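Student: Fold the following, please.
(one chain, ligands or ions: 2)
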Amino acid sequence: MNHVPELFGSMVFNDKVMKARLPKEVYRSLKNTIQRGAPLDPSVADVVAACMKDWAVSKGATHFTHWFQPMTGITAEKHDSFINPCGDGSVIMDFSGKELVKGEPDASSFPSGGLRATFEARGYTAWDPTSYAFIKDDTLCIPTAFCSYNGQVLDKKTPLLRSMDAISKQAVRVLALFGKDVQRVNATIGPEQEYFLINKEDYARRPDLILTGRTLVGAPAPKGQELEDHYFGSLRPRVKAFMADLDEELWKLGILAKTEHNEVAPCQHEMAPIFATANISTDANQLTMEVMKKVADRHGFACLLHEKPFEGVNGSGKHNNWSLSTDGGENLLDPGTTPAENTQFLLFLTAVIKAVDDYQDLLRISVASAGNDHRLGANEAPPAIVSMYVGDELQAVIDCLVAGKPCQPNAPTVLDTGAVVLPNLPKDTSDRNRTSPFAFTGNKFEFRMPGSSFNIACTNVMLNTAVAESLRQFADVLEQADDLPRALLELIRSELTAHQRILFNGNGYSHDWEVEAARRGLSNFRTTPEALVHYTDPKNVELFARHGVYTQDEIQSRQDILLDEYAKAIRIEALTLLDLVRCRISPACVNYATGLAQGVSTKKQLGIEVPQEETLARHISSLTGQLIQAADQLEGRLADPVAEDASVAASWCAQTLIAAMDAVRTPADRLEQLVDRSVWPLPTYSDMLFYV
Ligand code: ADP
Ligand code: MG
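Tutor: Ligands and ions are numbered 1, 2, ... in the order given. Model (predicted):
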């Protein structure tokens, strides 16, 4: 493909298009809004809308939609055509500034966690000019925020934008202390997206995958991932063709798809984009997931984005690479080479360490879901305990600073000015710790807990706001200091001392770490309901209120929605499993056992002794009995009264319903290994993972 530069962004109303198509004044005014958040002049909006429409129509678009991210985590759209009747039976293609800037989707079916009920039924969408409009399926998509009549946020984008403002404000204050004239600091994100590709015929025959995203039964295939022959292995031609097509579709949408490779599990792959600002990356990742599914379908695949589609092989995550960049392009987590830069770097590093320690619970909450509970702590993904890994070199620096000790060669020394001289940190440290949930990787942090299906907005809201709070506290102290270099060093030393418990460079999968983490007082929320109850802890409410990210009502609504979503997800799984067992698996097993028994009886009548066949028939009948009984018990649990309190209801699902489902799965999976494959009603793990 040699036309990539022309293809790239061809479906995006980006800066280049705006510059070419908008009148100079309008372009400048819009740019001011995009870069500095200046309010948008309504007359400007009219011109932009007309221009956008002409461009979109020239690309074949007939409709427009406000594209937004309600709290379900998916993206929502409602399409309107551009047509406007002229009165003579004809139409013109029309699009006004008002339609661009504001929409009123009938939002009553989106979850609001009680927010809307208390105010007004209507929801509004508002144009986010910082994320470019684009064309998808002949529709002009306008990225928008979604809020209630009173401005309470009902989506994932608005808090992200607020958190970006919060961290920018505090980072700018801190940079001013280093004599830097910076107007804006942006959180930058590169989300690495993992996914599975299986044959779509197999997918179509698995109601559990269709309804819940994961397999609820399925015996392990004879071969799993133990040979580690898939990771970075050469791509099969079909998968290669899918990836080439995916890249092309993403490039058209201006998404910087960069790396495509195989992951650890069979049929598992990853796509990594080049990083961008948090807002753009989040929108791009939402689109990426949608495009992946569509392109997969064209290639005869189903793309699975669930965190744990198959038991016994690795699940899928989304590594959230995160850093901070100034408007001048300086990466604030790059250690740099001179002492002054080092101190600034150490201060920002300390801010992140403090933030992760102070708000471990929020980071855990941001990755909590029924799907991700199968992954965290399952010896393949980071444990549910949040800790940080900074690498041996940086750890040595921190240890010296904390101890206030003179340092070894290759470890830092402190100059008379108080500036810290770091050893040269190799960017690509070979001793990567794959078990760490939050790892420093040279000039950025990689948060590995998010699940593959997540909207990354929430994680970055937590991260941005928590780091904003560290920086705020630091700026408050340092702005008052008489001797800044000394105060800086003192602050770094005392904060690192206070928060070093969050640093852990060992094996995060080991049981010893769980014990050690408990000793250190780190939190360990194994399940989603355990984590979610802390969302509304006073310290968290205070954090979000102080930085203008969420009001107490807005946090409460999110907690309610997530608890409810969790309970619903588990109930749907339980009902799906019940249906699978009752209507597909147990009939197949009953019939098969009956056939065996009839065979045994016929043979006996003829005087043929078949004790092994008889044993097999008995064994299968007995397992089938256990299966039916477990299914009856699951049905009983499903009929239990549901607690009114969302948190109690969710915890009950985590304990009681999941246990009842496990009890069904055990005999079902054993039966799968005994029953004639030609009568087994579902594609097996082997079929799905190895015969693709
Ligand atoms: P690694 O080998 O550590 O995974 P890569 O260079 O392959 O590092 O990058 C992984 C992801 O991190 C990519 O999506 C990349 O764009 C992103 N990334 C790199 N630098 C930054 C940064 N400064 N801020 C945010 N993300 C970044
Ligand atoms: Mg990585």
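
Student: what's the neighbour count on residue 679?
Tutor: 12 (other Cβ atoms under 10 Å). All C-beta spots, glycine's among them, are computed from the backbone N, C-alpha and C.

Student: ah, wrong one, I meant residue 7
Tutor: So residue 7, with other Cβ under 10 Å, has 14 neighbours.

Student: Next: residue 604.
Tutor: Neighbours around residue 604, by other Cβ under 10 Å: 12.

Student: backbone phi and psi for it, please?
Tutor: Torsion angles at residue 604 (phi, psi; degrees, to the nearest 10) stand at phi -60, psi -40.

Student: and it, what does it touch?
Tutor: When contacts are counted by Cβ atoms under 8 Å, 6 or more residues apart in numbering, residue 604 is found next to residue 610.

Student: Report pLDDT for it.
Tutor: We have a pLDDT of 96 for residue 604.

Student: Distance check, it against residue 312.
Tutor: 40 Å (Cβ to Cβ, to the nearest Å).

Student: before we move on, what about residue 610?
Tutor: 34 Å.

Student: same check, this time on residue 672
Tutor: Distance from residue 672 to residue 312, counting by Cβ to Cβ: 13 Å.

Student: Please report phi then psi for whatever residue of the stretch 451-600 of the chain ends up closest to ligand 1.
Tutor: With Cβ to the nearest ligand atom, the shortest gap between the stretch 451-600 of the chain and ligand 1 falls at residue 460, namely 10.6 Å. Main-chain torsions, residue 460, degrees, to the nearest 10: phi -80, psi -20.

Student: go on, residue 265?
Tutor: phi -80, psi 150.

Student: How about residue 479?
Tutor: With angles defined as degrees, to the nearest 10, residue 479 sits at phi -60, psi -20.

Student: Tell me how many other residues crowd it.
Tutor: For residue 479, using other Cβ under 10 Å, the count is 13.

Student: isn't it right up against residue 471?
Tutor: No: in this structure, residue 479 is not within contact of residue 471 by Cβ atoms under 8 Å, at 11.7 Å.

Student: Report the set of residues contacting both of these two.
Tutor: Common neighbours of residue 479 and residue 471 are listed as residue 173 (criterion: Cβ under 8 Å, 6+ apart).

Student: who touches the closest residue to ligand 1 within the stretch 151-300 of the chain in this structure?
Tutor: At 2.5 Å from ligand 1, residue 190 is the closest residue in the stretch 151-300 of the chain, using Cβ to the nearest ligand atom. Going by Cβ under 8 Å, 6+ apart, residue 190 touches 272, 273, 274, 275, 276, 281, 321, 444.

Student: Checking the residue most central in space within the chain next. Helix, strand or coil?
Tutor: Residue closest to the mean C-alpha point of the chain, counted by Cα atoms, centre = their mean, is residue 454 at 3.1 Å. Here residue 454 is coil, with the state taken from DSSP: H, G, I helix; E, B strand; the rest coil.

Student: From residue 258, how far out is the residue nearest to it when sequence neighbours are not counted?
Tutor: Spatial nearest neighbour of residue 454, excluding adjacent residues (Cβ to Cβ, 6 or more residues apart in numbering): residue 318 at 6.0 Å. Remark: distance between residue 318 and residue 258 (Cβ to Cβ) = 15 Å.

Student: Could you do residue 659 as well?
Tutor: When distance is defined by Cβ to Cβ, residue 659 is 43 Å away from residue 258.

Student: touching ligand 1 at all, stretch 272-288?
Tutor: Yes: on the criterion Cβ under 6 Å from any ligand atom, stretch 272-288 is in touch with ligand 1 at 272, 273, 274, 275.

Student: Only the buried residues of that stretch, if you could.
Tutor: Judged by neighbour count using 16 or more other Cβ atoms under 10 Å, the buried positions of stretch 272-288 are 272-273, 275-288.

Student: got it, and stretch 235-252?
Tutor: 235, 239, 242, 243, 245, 246, 247, 248, 249, 250, 251, 252.

Student: and it, what's its mean pLDDT?
Tutor: For stretch 235-252, mean pLDDT rounds to 94.

Student: got the contact list for that stretch?
Tutor: So stretch 235-252 is in contact with 1, 4, 7-11, 197, 257, 260-262, 269, 271, 273, 287-288, 291-292, 294-296, 298-301, 692, going by Cβ under 8 Å, 6+ apart.

Student: same check, this time on stretch 68-76
Tutor: With Cβ under 8 Å, 6+ apart, stretch 68-76 has contacts from 67, 77, 105, 107, 110-113, 125, 143-146, 154-157, 282, 286-287, 290, 453-455, 457, 557-558, 561, 565.

Student: Report the buried members of those.
Tutor: In these, burial by neighbour count holds for 67, 77, 105, 107, 110-113, 125, 143-146, 154-157, 282, 286-287, 290, 453-455, 457, 557-558, 561, 565, counting by 16+ other Cβ under 10 Å.

Student: Can you tell me which residues in the stretch 251-400 of the chain are near ligand 1?
Tutor: 272, 273, 274, 275, 321, 322, 323, 331.

Student: The same query, at a cut-off of 5 Å, please.
Tutor: Residues of the stretch 251-400 of the chain lying close to ligand 1 by Cβ under 5 Å from any ligand atom are 272, 274, 275, 321, 323.

Student: on that earlier part again, just the ones of the contacts of stretch 235-252 in helices?
Tutor: 4, 7, 287, 288, 291, 292, 294, 295, 296, 298 (DSSP state H).

Student: Can you show me the helices along the stretch 1-150 of the chain?
Tutor: Taking DSSP state H, counting those that start in this stretch as the test, the helices found in the stretch 1-150 of the chain are 4-7, 15-21, 24-36, 42-58, 97-101, 115-118.

Student: mind putting these in CSV, distance to residue 584 included?
Tutor: Supplementary listing: these in CSV, determined by distance: least, Cβ to Cβ, whole Å:
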stretch, distance to residue 584
helix 4-7, 45
helix 15-21, 53
helix 24-36, 54
helix 42-58, 47
helix 97-101, 49
helix 115-118, 40
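
Student: so where's the chain uncertain?
Tutor: Scanning the chain for pLDDT under 70 picks out 1-2, 106-109, 113-121, 379, 406-411, 416-417, 426-432.

Student: Now do the nearest residue to residue 437 once chain neighbours are set aside against residue 447, distance only.
Tutor: Computed as Cβ to Cβ, 6+ apart, the closest residue to residue 437 that is not its neighbour in sequence is residue 382, at 3.5 Å. Per Cβ to Cβ, residue 382 is found 9 Å from residue 447.

Student: Residue 549 belongs to a helix, doesn't it?
Tutor: No: if the criterion is three-state DSSP, then residue 549 is coil and not within a helix.

Student: I figured it was touching residue 162, is that so?
Tutor: Yes: the pair residue 549 / residue 162 is scored as a contact, 4.7 Å apart, by Cβ under 8 Å.

Student: Pull the contacting residues for residue 60.
Tutor: Going by Cβ under 8 Å, 6+ apart, residue 60 touches 135, 138.

Student: Close to ligand 1: what parts of this structure are there?
Tutor: Counting by Cβ under 5 Å from any ligand atom, the chain sits next to ligand 1 at 188, 190, 272, 274, 275, 321, 323, 441, 444.

Student: so what's the third one bridging to?
Tutor: According to DSSP bridges, the residues that bridge with residue 272 are residue 259.

Student: from what I can see it touches residue 258, true?
Tutor: Yes: in this structure, residue 272 is within contact of residue 258 by Cβ under 8 Å, at 5.7 Å.

Student: any residues in contact with both of the two?
Tutor: Joint contacts of residue 272 and residue 258 (Cβ under 8 Å, 6+ apart) do not exist.

Student: can you count the residues close to residue 122?
Tutor: Residue 122: 13 neighbours (other Cβ under 10 Å).

Student: doesn't residue 149 make contact with it?
Tutor: Yes: counting by Cβ under 8 Å, residue 122 touches residue 149, with 5.8 Å between them.
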